[in-house]
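> Have a look; sequence and predicted model below, questions after that.
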Protein chains: 2
Amino acid sequence: MSLLVTGSIGIDTVSTPFGQADAVLGGSSVYFAFAASQYVAVRLVAAVGADFPPAFRDLLESRDIDLRGLEVRPESKTFRWTGRFEGAMNEAETVAVDLNVLAEDAPPVPPEFTDSETVFLANTHPTLQRALLGKLSGPKLVVCDTMNLWIETERESLLETLRLVTGVIINDAEARALTGAVNLIEVGEAMLELGPEFVVIKKGEHGALLVTRDEPVAVPAYPTKAVRDPTGAGDSFAGGFLGYLSACGNHRGESLRSALVRGTVAASFTIEDFSVDRVKDLAREEVDERVGRFLDMLRIE
Amino acid sequence: MSLLVTGSIGIDTVSTPFGQADAVLGGSSVYFAFAASQYVAVRLVAAVGADFPPAFRDLLESRDIDLRGLEVRPESKTFRWTGRFEGAMNEAETVAVDLNVLAEDAPPVPPEFTDSETVFLANTHPTLQRALLGKLSGPKLVVCDTMNLWIETERESLLETLRLVTGVIINDAEARALTGAVNLIEVGEAMLELGPEFVVIKKGEHGALLVTRDEPVAVPAYPTKAVRDPTGAGDSFAGGFLGYLSACGNHRGESLRSALVRGTVAASFTIEDFSVDRVKDLAREEVDERVGRFLDMLRIE
């Protein structure tokens, strides 16, 4: 199924215990698109400013990412984020943020994209998420992310968005904040009551939990020492998950379980290096090989 | 293989968001023994005072637990612990502790137990752990736990114990404190350098990680909403793990992986109720059925 993602494109400056990267390509839709494009062509809807480096555009074009929905605004600047990870690198500390184009109108959806069947609404204002959905002719599988800011300040609007989506991919702290529950299965079940058919709760280095009307499914993170920069792990997870699901053409239980593993492995590659350095030339064979190793690890007698 | 455990027996008072239990049976060796006795007979070496209720002795005797190593000291009192879990119940807060018999000499090993082949040294002073080992005629598989107190105050003695054991089962915070590493695979590898052939790092609700000279193995916790009291989860994990391994008669890679699952499931039962309430009558069939469901969850295509 055709896959559309809308979200941020950023120029990031990130420091971790393993180094620093200055003014590199980032943003939720970018990480998502690199991961998802392992499985299907990705239609990107996002805005950047006049300062967006041509080299970044080249990077995106080098994968199967359709940039007809990339709006370049000559009077504006690209979203910029400066962040830092310390210690166990479980949480990013935002040092500076310039919303720039993200504070303006949402980018338009090109006519060629309105028939998209799978849609990922990366974290943004829930009203904008719904506005985008309203421009599509009838998507079959819609998944969204969100963040604490909207949970706290735009709860009613967020609940309206949740009534429209097929699934949610959200991190554990946000999901707890949204529902008020503590146990993550209860958190997931409370979210199902809000509309979605499935909820994936991301737990960072601790893996992910899938909650549906069937039995919950927990998977660990891919065990690795090679962690240099966790930026984009969550959006890469979503990209691997939804790219795979889009290629499956359904979201039945078995497909969702396999997609969990695809998301897990996508994140494991992204965090091995800064920005998209590890995934920009990543071959599908390498992805499949790691998926195979992960599944073998879990296949216990 | 015959299995011996030495550790604490306690009279616990525990409160959680789901209720309170006053003066109930607890202690590391107790939780271990209930879990391990699903797989093999357990030889218990521990001390209690004159206040140890006969009903608690009956509880232990109702399982396959050999109490010839249970020393009752008429002039002493049983170890008592009062603790509290709040919120996500990830960590116990100790409200009060009376060491009582635990502050005295270690209990003797009865002659009938000196030929034990598998040994679990639950958390205690590392010098006492070695003293017990010295009384055995040649155990084949020795596993220990420890805690922050010994890591901070008895590091040299602890390192001496670690040189003598086959494996370690330890929680994530303690393992990080011991090694100074952050990434848990690096933590495990640093511990392998200290002597053991395998290290199991317990992550509570996030599952467990096995580190050996081969590839690391991560498993999630058993996903459950039924969590009333996490007390004893770690010792139950160790009991399920080592009881199963002892029944296997080897600690090869495949056995260790299966043992991880047995430990995970043992913990999942213990936390469903206070003290040993959930596990005191637990049938092996129920254990195997849950193991089967967990393995099915992890068997992804």
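Perfect, thanks for sending it. Numbering: from 1, shown residues only, chains lettered A, B, ... in the order given.

> tell me the mean pLDDT over stretch A:246-265?
What stretch A:246-265 shows for mean pLDDT is 97.

> how about it: buried residues?
A:246-248, A:251, A:255-265 (16 or more other CB atoms under 10 Å in any protein chain shown). Any C-beta I mention is one placed from the backbone N, CA and C, and that applies to glycine too.

> Which pLDDT value belongs to the residue nearest the centre of chain A?
Nearest residue to the geometric centre of chain A (CA atoms, centre = their mean): A:Asp235, 2.4 Å. In this model, A:Asp235 is scored at 97, pLDDT.

> cool, and A:Ile300?
96.

> What residues does it make contact with?
B:219, B:257-258, B:260-261, B:295, B:298 (CB atoms under 8 Å, 6 or more residues apart in numbering or on different chains).

> any idea how far B:Val217 is from the closest residue to it other than its chain neighbours?
Nearest non-adjacent residue to A:Ile300, counting by CB to CB, 6 or more residues apart in numbering or on different chains: B:Arg257, 4.9 Å away. Distance of B:Arg257 to B:Val217, computed by CB to CB, to the nearest Å: 6 Å.

> Show me whatever sits in contact with both of those two.
B:Leu210.

> what number of residues lie near A:Asp64?
14 (other CB atoms under 10 Å in any protein chain shown).

> which residues touch it?
A:Asp64 neighbours (CB under 8 Å, 6+ apart): A:37, A:40-42.

> likewise A:Val287?
A:38, A:262, A:265-266, A:269.

> In these, find the pair that's most separated.
Comparing all pairs in the contacts of A:Val287 by CB to CB, the longest separation belongs to A:Arg262 and A:Phe269, at 11.2 Å.

> quick check, A:Leu158 in a helix?
Yes - under DSSP: H, G, I helix; E, B strand; the rest coil, A:Leu158 falls within a helix.

> The closest residue to it other than its chain neighbours: how many residues sit nearby?
Excluding the flanking residues, the one nearest A:Leu158 by CB to CB, 6+ apart is A:Pro126, at 4.3 Å. Neighbour count of A:Pro126, defined by other CB under 10 Å: 23.

> Could you pull up the contacting residues of A:Pro126?
A:Pro126 neighbours (CB under 8 Å, 6+ apart): A:146, A:150, A:154, A:157-158, A:160-161.

> Quickly name whichever of those residues is closest to chain B.
Closest approach to chain B among these (CB to the nearest CB): A:Thr146, at 21.0 Å.

> Identify the bridge partners of A:Arg43.
Beta-bridge partners for A:Arg43, by DSSP bridges, are A:Leu4, A:Asp66.

> OK, contacts around it?
Counted by CB under 8 Å, 6+ apart, A:Arg43 has contacts A:2-5, A:66, A:68-69, A:113, A:116.

> Name the SS class of whatever residue of the stretch 1-150 of chain A ends up closest to chain B, please.
Scanning the stretch 1-150 of chain A for proximity to chain B using CB to the nearest CB identifies A:Ala88 as nearest, at 5.0 Å. Following three-state DSSP, we place A:Ala88 in the coil state.

> List the residues that contact it.
A:205, B:182-183.

> and what of A:Ser137?
Contacts of A:Ser137 (CB under 8 Å, 6+ apart): A:114-115.

> now do A:Leu282
A:34, A:38, A:269.

> quick revisit: the nearest residue to the residue nearest to the centre of chain A once chain neighbours are set aside: helix or strand, and which one exactly?
Excluding its sequence neighbours, the residue lying closest to A:Asp235 (CB to CB, 6+ apart) is A:Tyr31, at 3.8 Å. Element membership of A:Tyr31 [criterion: DSSP states H and E] is helix A:28-36.
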